[in-house]
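Participant: here is my input, please return the structure:
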Amino acid sequence: MIQKLGLAINVKELKPRPHHLKNYYEIAERADEAGLYYLGFPNMVSKGVPGIETFTYMTSIAMRTQNIKLGTDVWQLPLYHPIKVALTGATVDIISGGRFICGAGAGTIPIEFENLGVPFNERGKRFNETIEIVKKLWTEPIVTYHGKFFNLKDVVCIKPIQEPHPPIWIGGGSDAALRRAVKHGNAWAGATWPFFGSGEVERFSVKDCIEKLKEYCKQFGRDPETVGVNLRIHMNINTNREKAVEDVVKHFDVHRKRRVGGGGTAEQQIKWAVLGPAEAVIEKVKETYKLGADLVILWPMTTDLKSQWERIEKEIIPSM
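Facilitator: Reported below is the predicted structural model:
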């Protein structure tokens, strides 16, 4: 069994054509056969990049795989009604046979909130209320709830297979996100690059975040061993760094040129992503495990995910 390794499949950069879908299905099936732990599906709603709907696609992947976990990376909960979140999550969990992971975040892109008529400055409080309601809907027979944003009376929801509910991974590098991960989640979903405040000013390193998680565990009376650490590595495997950089730039030109906020810039990715031969990615993966990660998720920055997967399959997985 390989160490816990995951792969991100960005459906917002998937062209909605049958042959593209076939390639992505093949990657998912091979990742499942290879023993990968997790497939992550980014979930954006209204950004300037067209893409197919995440949960419909995730369900179709569930029908083609047997063991691999399937999760949102991450689901921006403040943009959804909690009944919709609970019903969708439970449905995916049932169809997948108990393999759904609810990766959740408060959101960082103002225009997504603006387009959907949700105040951006309320996202944190909306997130807290939503996750509380969703957990109730997943675990209680009938739910009545009176909050600032939502009022429910005698609501009944189907229950997921996993008990008490699917794992909840809280994404983000802010102090609030780390606090939510301990208060509401089963794990923190972070990244191996630094988290920034305004501009290019580094706010938290991964080590800082892990230490803060421990502090919040003490504050909320949780055993740190019960809060997992899952870290993403943005990467591109190529014959050399120059060719990898070229593919990353093309990736941004082709897939993200109309992107509004989120995901950083090509320049930031070139600075912080792991670009070059497979050995560099292997070294970074092993370093990330030593840092304290329970799961490492590879996020290829590329215009050709199939080729990147083939190199991951042949060069990265055998080293785990």
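
Participant: got the contact list for the helix or strand in which V281 is found?
Facilitator: For V281, the host element (DSSP states H and E) is helix 278-291. Helix 278-291 is contacted from outside by 3, 5, 192, 206-207, 210, 231, 233, 235, 237, 274, 296, 298, 311, 315-316, 319-320, using CB atoms under 8 Å, 6 or more residues apart in numbering. Where you see a C-beta, it was placed from the backbone N, CA and C, and this is true even at glycine.

Participant: please flag which of the residues you listed sit within helices.
Facilitator: V206, K207, I210, R311 (DSSP state H).

Participant: touching, the third one and V229? I think so.
Facilitator: Yes. The pair I210 / V229 is scored as a contact, 6.3 Å apart, by CB atoms under 8 Å.

Participant: pLDDT-wise, which helix or strand of this protein ranks last?
Facilitator: Among the helices and strands of the chain, strand 195-196 carries the lowest confidence by mean pLDDT, DSSP states H and E, at a mean of 53.

Participant: list the contacts of the spatially most central residue of the chain.
Facilitator: The residue lying closest to the centre of the chain (CA atoms, centre = their mean) is D73, at 1.6 Å. Shown in contact with D73 (CB under 8 Å, 6+ apart): A8, G40, F41, P42, N43, G103, G171, A189, R232, I297.

Participant: out of those, which is most surrounded?
Facilitator: A189 (29 neighbours; other CB atoms under 10 Å).

Participant: neighbouring strands of the helix or strand hosting it in the sheet, and parallel or not?
Facilitator: Secondary structure assignment for A189, by DSSP H and E: strand 187-191. Using DSSP bridges, the strands paired with strand 187-191 in its sheet are strand 168-171 (parallel), strand 228-237 (parallel).

Participant: closest one to G98 among those strands?
Facilitator: strand 168-171 (14.7 Å; CB to CB).

Participant: quick one: low-confidence residue ranges for the stretch 151-300 of the chain.
Facilitator: 194-204, 255-264 (pLDDT under 70).

Participant: surely K69 touches C102?
Facilitator: No. In this structure, K69 is not within contact of C102 by CB under 8 Å, at 11.1 Å.

Participant: more neighbours: those two, which one.
Facilitator: More neighbours surround C102 than the other of K69 and C102, with 29 against 21 (other CB under 10 Å).

Participant: what packs against the host helix or strand of that one?
Facilitator: According to DSSP H and E, C102 maps onto strand 100-105. Counting contacts by 3 or more CB pairs under 8 Å, 6 or more residues apart in numbering; DSSP states H and E, strand 100-105 is packed against strand 69-72, strand 75-76, helix 82-95, helix 123-139, strand 168-171.

Participant: now do the buried residues in the fourth one.
Facilitator: Along helix 123-139, the positions that meet the burial threshold by neighbour count (16 or more other CB atoms under 10 Å) are 123, 126-138.

Participant: before we move on, what about stretch 224-236?
Facilitator: For stretch 224-236, by 16+ other CB under 10 Å, it's V227, G228, V229, N230, L231, R232, I233, H234, M235, N236.

Participant: same check on stretch 84-104?
Facilitator: Quick answer for stretch 84-104 (16+ other CB under 10 Å): 85-86, 88-90, 92-96, 99-104.

Participant: ends of it, how far apart?
Facilitator: 14 Å (CA to CA, to the nearest Å).

Participant: so what's the gap between it and the chain middle?
Facilitator: 14 Å (CA atoms, centre = their mean, to the nearest Å).

Participant: for stretch 143-161, same thing?
Facilitator: Counting by CA atoms, centre = their mean, stretch 143-161 comes out at 25 Å from the chain centroid.

Participant: again, but for stretch 267-285
Facilitator: Worked out by CA atoms, centre = their mean, stretch 267-285 lies 19 Å from the chain centre.

Participant: same check on stretch 311-320?
Facilitator: On CA atoms, centre = their mean, the centre of stretch 311-320 falls 22 Å from that of its chain.

Participant: and that stretch, what's its mean pLDDT?
Facilitator: On average, the pLDDT along stretch 311-320 is 94.

Participant: can you check the distance spanned by that stretch, start to finish?
Facilitator: 14 Å.

Participant: that stretch: which residues count as buried?
Facilitator: R311, I312, E313, I316, I317, M320.

Participant: same check, this time on stretch 62-77
Facilitator: Here stretch 62-77 shows A62, T65, I68, K69, L70, G71, T72, D73, V74, W75, Q76, L77 as buried, counting by 16+ other CB under 10 Å.

Participant: dump that stretch to PDB, keeping only the CA atoms.
Facilitator: Extracted in PDB, the C-alpha atoms of stretch 62-77 (Å, rounded to 0.1, in the frame of the first residue of the first chain):
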ATOM      1  CA  ALA A  62     -17.900   7.300  -8.500                       C
ATOM      2  CA  MET A  63     -19.700   4.900 -10.800                       C
ATOM      3  CA  ARG A  64     -16.400   4.000 -12.500                       C
ATOM      4  CA  THR A  65     -14.200   3.500  -9.400                       C
ATOM      5  CA  GLN A  66     -14.300   1.200  -6.400                       C
ATOM      6  CA  ASN A  67     -12.100   2.300  -3.600                       C
ATOM      7  CA  ILE A  68     -10.700   5.800  -4.100                       C
ATOM      8  CA  LYS A  69     -12.100   8.600  -2.000                       C
ATOM      9  CA  LEU A  70     -13.800  11.500  -3.800                       C
ATOM     10  CA  GLY A  71     -13.800  15.000  -2.400                       C
ATOM     11  CA  THR A  72     -14.400  18.700  -3.000                       C
ATOM     12  CA  ASP A  73     -11.300  20.700  -3.000                       C
ATOM     13  CA  VAL A  74     -12.900  22.900  -1.800                       C
ATOM     14  CA  TRP A  75     -16.700  23.400  -1.600                       C
ATOM     15  CA  GLN A  76     -17.500  27.100  -1.000                       C
ATOM     16  CA  LEU A  77     -20.300  26.500   1.500                       C
END
